[in-house]
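*Asks:* Quick one, fold the following:
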Amino acid sequence: MSDYRVLIADDNSVDRKVLSRVVRNQGNEVIEVSNGFEAVDAFREHRPDIVLMDVMMPGLNGKEATRQIKEISGEDFIPVIFLTSLSDAQSLADCLESGGDDFLTKPYNHIVLQAKISSFRRMSDMHRILLEQRNEIRLANRHMLQEQQVAKAVYDNVAHAGCLSASNIRYMLSPLAVFNGDVLLAARKPSGGMHLLLGDFTGHGLPAAIGAMPMADIFYGMTAKGFGLRDVLREINLKLKSILPVGFFCCSAAVDLALDRKAVSVWMGGVPDCYLLRADGSAIETLSSRHLPLGVLGGDKFNDQMIELPMNEGDRLFLWSDGIIESRNVEGEMFGQERLIDIFHAAKAPEDVFPDIQMKVTEFIGDSERDDDTTILEVVMADADVQDEDVVSTKSSTGSGPIDWCLEYRLDASSLKNFNPVPLLNHIMMEVPGLRAMGGQLHTVMAELFSNAFEHGVLGLDSGLKSSADGFMEYYRLREERLASLSDGYVVIVLDHRGNGLEGDLTITLKDSGPGFDYSELNRMTADQSQLSGRGIPLLKRICRSLEYKGAGNHVEAVIHWPQEQDQQV
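*Replies:* Here you go, the predicted structure:
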């Protein structure tokens, strides 16, 4: 009990001396004062560990002195034991109300006094330990929040190129933490249309950030290069499987919105049932998860099959995380799928469903504590030319990059059967700073030229079959049949760029092993002669400075100039 400092404040010198002797006999250091003013001053100077305070003293009484001492001590626990001859309950209660922690009635029992001092010392030690632990927790929490904010800033920079601001998209992302476990990504495809992904990671904060950042990087990077959504999903799944610990994964819904074909392809793994609402509100179609979440299965077991559905203009696809279904009210009851579908049936118009869901879920949760992130996404089928509200500037860059270069790329039969070179070549072309603003046009030109060389040249398919729905089916049946039996053939692609950093020309040349065709009319046609069969050639002539077939027709050369003239931009 040594080194425990006790302040004794009593105007009666005899009582003070008696207490001092008892306290010193316990091995404590004693500070004696005779009134309340001296008690406050002594407390400031010596910071005692415990105070024995007489209630009735001249000048400043014990209760008022105690109030001041408690204010000075702040968060530190300094026990105050009142010394009193009072015995009525109200007086004793007033002592405790003023900040006292206990009282000792006169005459003093030294055994009781010793027990009280020992007890309060244990309480003081416990309080000190609790404060230290609280401060450690507070510091750790501050560091954790800073780390989450850094992670969120990095994630926001990775995901800045999204098109969530497009007029056909509405969403609500309600985070439980600074960096939440729900991820919402949207990007335009170079060929037109959109890729969208809603993900719900296990956990919140940094555990979610570990997977969300590479997911966003892969999603936006591969979409910009022209990869299909199935390829994007396979790459994301492979990355999450390799970096996430056991028990961590991402329940996801991925959407390929084809605005030109008026169709949607959906992949769902581990997310709740979602709905496709037709424009007239007459039909609600349920979409259910058919796959495991991303990051669970290895690459050889992952299933990337998607469901394709027709979507007319004005049809709406609704996706959400399980935080919506599992939202709880103050009674602990879940919102549930039944309440969600009731909102669809009760809505006055399809456009009212999204705000109705927001309102109903918020009202249902009320003042109850949230235990999960809540995310909703609505995607509307719209015209193919729907634009972002915040369009990033697409002016040509004059930054560093390759200026004069040439590349030749040859694919033989075995590669043609299993590999699409368009995303890779598109990525190489966009290394030229001046061409980066033309990513969509470059993808369109390369995809159209390669498709023609491969399907019409190597496989010998007739585009005239596509004049009817039955013809389309026959075309793709023949494509699969001939692709399966393909044993020889080739496509050679040559990219040649010449420029000065301010402008340049990219020449794309394709040669295939096919017999060729009579291209005399194609070389004479102009961009507005859309009456000729096929929509690809007129489009390419708008984008390219020149487009010319040569030789037997199995050799085509396209020249793209940058920066584009206004009438060339599509």
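*Asks:* Output the lowest mean pLDDT helix or strand found in the chain.
*Replies:* helix 520-524 (a mean of 67; mean pLDDT, DSSP states H and E).
*Asks:* most centrally placed residue in the chain?
*Replies:* Compute the mean C-alpha point of the chain, and by CA atoms, centre = their mean the closest residue is residue 183, 3.3 Å away.
*Asks:* Tell me if I'm right that it and residue 213 touch.
*Replies:* No. Using CB atoms under 8 Å, residue 183 is not in contact with residue 213, being 9.6 Å away. Yep, even glycine has a C-beta here, placed from its N, CA and C like the rest.
*Asks:* can you list the domain ranges for the chain.
*Replies:* 5-130, 159-380, 405-568 (automatic domain parsing).
*Asks:* Out of those domains, which one sits most buried?
*Replies:* Counting by mean count of other CB atoms under 10 Å, domain 159-380 has the highest mean neighbour count of the domains of the chain, with a mean of 19.
*Asks:* Average pLDDT for that one, rounded please.
*Replies:* Averaged over domain 159-380, pLDDT sits at 87.
*Asks:* next structured bit after the least confident helix or strand of the chain?
*Replies:* helix 536-543 (DSSP states H and E).
*Asks:* Could you tell me which strands sit next to the next helix or strand after that next one in the sheet, and their orientation?
*Replies:* Once the chain leaves helix 536-543, the next helix or strand it forms, by DSSP H and E, is strand 546-550. When pairs are called by DSSP bridges, strand 546-550 turns out to pair with strand 555-562 (antiparallel).
*Asks:* Tell me how far the partner strand lies from the chain's centre.
*Replies:* 40 Å (CA atoms, centre = their mean, to the nearest Å).
*Asks:* try stretch 81-94
*Replies:* Using CA atoms, centre = their mean, the offset of stretch 81-94 from its chain centre is 61 Å.
*Asks:* Convert the C-alpha atoms of it to PDB, please.
*Replies:* Extracted C-alpha coordinates of stretch 81-94, given in PDB (Å, rounded to 0.1, in the frame of the first residue of the first chain):
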ATOM      1  CA  ILE A  81     -14.900   9.600   1.000                       C
ATOM      2  CA  PHE A  82     -17.000  12.000   3.100                       C
ATOM      3  CA  LEU A  83     -16.300  12.300   6.800                       C
ATOM      4  CA  THR A  84     -19.600  13.200   8.600                       C
ATOM      5  CA  SER A  85     -21.500  12.900  11.800                       C
ATOM      6  CA  LEU A  86     -24.800  13.200   9.800                       C
ATOM      7  CA  SER A  87     -27.000  10.200   9.900                       C
ATOM      8  CA  ASP A  88     -30.200  11.100   8.000                       C
ATOM      9  CA  ALA A  89     -30.600   9.500   4.600                       C
ATOM     10  CA  GLN A  90     -31.200  12.700   2.700                       C
ATOM     11  CA  SER A  91     -28.000  14.300   3.900                       C
ATOM     12  CA  LEU A  92     -25.900  11.300   3.100                       C
ATOM     13  CA  ALA A  93     -27.600  11.100  -0.400                       C
ATOM     14  CA  ASP A  94     -26.700  14.800  -0.900                       C
END
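*Asks:* now that stretch: mean pLDDT?
*Replies:* Stretch 81-94 comes out at a mean pLDDT of 79.
*Asks:* what's in contact with it?
*Replies:* For stretch 81-94, the surrounding residues in contact (CB atoms under 8 Å, 6 or more residues apart in numbering) are 10, 15, 19, 50-56, 62-63, 66, 95, 100-106, 108, 116-117, 120.
*Asks:* at 6 Å instead, please
*Replies:* Applying CB atoms under 6 Å, 6 or more residues apart in numbering, the contact partners of stretch 81-94 are 52, 53, 54, 55, 95, 100, 102, 103, 104, 106.
*Asks:* Which two among these are spaced furthest apart?
*Replies:* 100 and 106 (15.5 Å; CB to CB).
*Asks:* could the contacts of stretch 81-94 go into a markdown table alongside distance to residue 480 and secondary structure?
*Replies:* As requested, the contacts of stretch 81-94 are exported to a markdown table (distance: CB to CB, whole Å; DSSP: H, G, I helix; E, B strand; the rest coil):
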| residue | distance to residue 480 | secondary structure |
| --- | --- | --- |
| 52 | 96 | strand |
| 53 | 95 | strand |
| 54 | 100 | strand |
| 55 | 98 | coil |
| 95 | 93 | helix |
| 100 | 90 | coil |
| 102 | 89 | strand |
| 103 | 94 | strand |
| 104 | 96 | strand |
| 106 | 104 | coil |
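*Asks:* which one among these gets closest to residue 487?
*Replies:* Of the contacts of stretch 81-94, the one sitting nearest to residue 487 (CB to CB) turns out to be residue 102, at 97.2 Å.
*Asks:* I'd like the secondary structure assignment at the spatially closest residue to residue 98 that is not a sequence neighbour, please.
*Replies:* Counting by CB to CB, 6 or more residues apart in numbering, residue 98 lies nearest to residue 63, which is 3.9 Å off, once chain neighbours are set aside. With DSSP: H, G, I helix; E, B strand; the rest coil as the basis, the three-state label of residue 63 is helix.
*Asks:* I'd assumed residue 97 was in contact with residue 63.
*Replies:* No. At 8.4 Å, residue 63 does not count as touching residue 97 under the criterion of CB atoms under 6 Å.
*Asks:* Name the residues contacting each of those two.
*Replies:* By CB under 6 Å, 6+ apart, no residue touches both residue 63 and residue 97.
*Asks:* residue boundaries of the helices in the stretch 301-450 of the chain?
*Replies:* Ranges of helices in the stretch 301-450 of the chain, per DSSP state H, counting those that start in this stretch, are 322-325, 336-346, 353-365, 413-418, 422-429, 439-451.
*Asks:* hmm, who's touching the shortest one?
*Replies:* Spelled out, that is helix 322-325. With CB under 6 Å, 6+ apart, helix 322-325 has contacts from 272, 337, 372, 373, 374.
*Asks:* what's the spacing between it and its chain's center?
*Replies:* Centre to centre, stretch against its chain (CA atoms, centre = their mean), the figure for helix 322-325 is 16 Å.
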